[in-house]
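[1] let's see this in three dimensions:
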Amino acid sequence: MAVKSPCIDQCGFTGKNGWCEGCGRTRKEAQEWRKLSPFHQKAIERALAGRMNILRMKP
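    As a prediction, this is how the structure comes out:
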């Protein structure tokens, strides 16, 4: 079963890592979300909390 998209409609792909400031995905991950297997969606989802913590710490 597919994982619900983590998008919160606050997209802003900035910085050197290219992560979205709203959900933490890369532009490519966001664009390909529906095409990804549930396994890959879950793997990305597990990484998002860490990415968002890094984004919140930046000045």
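[2] how far away is residue 56 from residue 19?
    Applying C-beta to C-beta, to the nearest Å, the value for residue 56 to residue 19 is 11 Å. The way it works is simple: take the backbone N, C-alpha and C, and place the C-beta from them, glycine included.
[3] of those two, who's got more company?
    Shown here are residue 56 and residue 19; by other C-beta atoms under 10 Å, residue 19 has more neighbours (23 against 8).
[4] can you tell me how far that one sits from residue 52?
    According to C-beta to C-beta, residue 19 stands 8 Å off from residue 52.
[5] same thing with residue 12?
    Residue 12 is 13 Å from residue 52, by C-beta to C-beta.
[6] look at these two and report which has more neighbours.
    Here residue 12 and residue 52 are compared on neighbour count by other C-beta under 10 Å; more neighbours surround residue 52, at 17 against 10.
[7] please report phi then psi for that one.
    phi -70, psi -40 (degrees, to the nearest 10).
[8] skipping adjacent residues, who's closest to it in space?
    residue 24 (4.7 Å; C-beta to C-beta, 6 or more residues apart in numbering).
[9] and for that neighbour, the neighbour number?
    There are 22 residues near residue 24, going by other C-beta under 10 Å.
[10] now the one 4 residues further on
    Using other C-beta under 10 Å, residue 28 has 9 neighbouring residues.
[11] name the element the residue nearest to residue 52 belongs to?
    Applying DSSP states H and E as the criterion places residue 24 outside every helix and strand.
[12] now residue 46
    Going by DSSP H and E, residue 46 is part of helix 38-57.
[13] buried set for that helix?
    41, 44, 45, 48, 51, 52, 55 (16 or more other C-beta atoms under 10 Å).
[14] any low-confidence regions in the chain?
    Across the chain, the ranges flagged by pLDDT under 70 are 1, 58-59.
[15] so how far is residue 4 from the spatially most central residue of it?
    Nearest residue to the geometric centre of the chain (C-alpha atoms, centre = their mean): residue 25, 1.8 Å. Applying C-beta to C-beta, the value for residue 25 to residue 4 is 13 Å.
[16] likewise for residue 44?
    Taken as C-beta to C-beta, the span from residue 44 to residue 4 is 12 Å.
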